[in-house]
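In: I'd like to go over a predicted model; first the sequence, then the structure.
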Amino acid sequence: MTERKIVIPGEVIAEGEDYLPGEGTEKTDKGIVAMRFGLAEKSGKLVKVISLSGVYQPRRGNVVIGKVENITINGWFLDIGYSDNAFLSLNEIPRYVNKDGLDEVMDIGDMAIAKIWAINKRGVDLSLKSRGLGKIDEGIIVEINSNKVPRVIGKEGSMVNLIKDKTGCNITVGQNGVIWIKGDSIEKELLAKEAVMFVTEKSFISGLTEEITKWFEERKK
């Protein structure tokens with residue numbers, strides 16, 4: 001494959017012994033076969049399928065953006081678009097917090113950027129103990145299907161960096177499909193939002209970087 005293409009479950013993506021099955025694929029006597037509907041992509045010898053639909057499945061190490069749904073004496077429950085709310089413990093806040101003043105740090109309805117540090121029987125555990133994490137106080141929030149996050153980020157961050165460069169905005173893409181955009185004007189933030197939505201709507205096409213570059217050129221005119 002020299003370009004990405006839409007595939008369906010059971011479709012043969014690559015033949016021969018030169019390829020290895022990656023995420024969303026399996027190796028059969030026919031070759032590398034798609035296990036789900038999505039965008040087939042070859043990276044070296046590895047073949048994978050990027051899903052274009054479905055719900056978010058949390059993974060350890062994911063950076064997510066969530067909304068505070070509830071507060072307990074030990075921390076906060078955040079909605080991250082998963083079947084269960086994720087828990088942010090007091091111990092995972094990089095500062096001293098008075099147990100009587102949790103709502104002063106984050107209140108119900110507040111948004112925060114967090115990292116998943118554990119997934120267990122109890123649920124998903126979050127942390128704010130890394131650079132770039134914490135409560136969101138300004139900017140705008142955009143929500144997309146989590147399976148389109150790889151397209152918005154691009155290979156090695158190429159797509160999101162292009163949008164950052166063209167709009168001058170800071171952009172944090174949560175793996176759960178929630179995106180935070182912060183610029184020095186609402187116009188720039190809305191332009192970045194439009195660019196993100198353009199990418200998600202065209203996520204199935206090849207040459208997407210060229211298409212979004214043309215889109216920005218048209219917007220300049």
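Out: It's in.
In: for the residue at minimal distance from the centre of the chain, give me the backbone phi and psi.
Out: The chain has Gln175 as the residue nearest its centroid, 2.7 Å off, counting by CA atoms, centre = their mean. Main-chain torsions, Gln175, degrees, to the nearest 10: phi -60, psi -20.
In: with Gly139 instead?
Out: For Gly139, the backbone dihedrals (degrees, to the nearest 10) come out as phi 90, psi -170.
In: what's the local residue count around it?
Out: Gly139 is flanked by 19 other residues according to other CB atoms under 10 Å. All C-beta atoms are positioned from the backbone trio N, CA, C, and that covers glycine.
In: contact partners for it?
Out: Contacts for Gly139 (CB atoms under 8 Å, 6 or more residues apart in numbering) come out as Asn170, Trp180, Ile181, Lys182, Gly183, Glu189.
In: picking up where we left off before, grab the nearest non-local neighbour of the residue nearest to the centre of the chain.
Out: Closest residue in space to Gln175, ignoring its immediate chain neighbours: Asn62 at 4.1 Å, by CB to CB, 6 or more residues apart in numbering.
In: next one: Ile153
Out: Val160 (5.1 Å).
In: what is the burial count for that neighbour?
Out: 21.
In: residues of the helix or strand containing it that come out buried?
Out: Taking DSSP states H and E as the criterion, Val160 maps to helix 158-167. Of all the residues in helix 158-167, those buried under the rule 16 or more other CB atoms under 10 Å are Met159, Val160, Leu162, Ile163, Lys164, Lys166, Thr167.
In: can you check stretch 139-147 too?
Out: Using 16+ other CB under 10 Å as the test for burial, stretch 139-147 gives Gly139, Ile140, Val142, Ile144, Asn145, Ser146, Asn147.
In: quick one: low-confidence parts of the protein?
Out: Low-confidence segments of the chain, defined by pLDDT under 70: 1-3, 52-54.
In: where along it do the helices fall?
Out: Using DSSP state H, the helices found in the chain span residues 102-105, 149-153, 158-167, 186-201, 208-220.
In: related to what we said a few turns ago, pull up the gap between the residue nearest to the centre of the chain and Asn145, please.
Out: Taking CB to CB, to the nearest Å as the criterion, Gln175 is separated from Asn145 by 12 Å.
In: can you give me the neighbour number for the residue nearest to Gln175?
Out: 21.
In: these two touch, right, it and Ala114?
Out: No - using CB atoms under 8 Å, Asn62 makes no contact with Ala114, being 9.3 Å away.
In: right, I'll leave it there.
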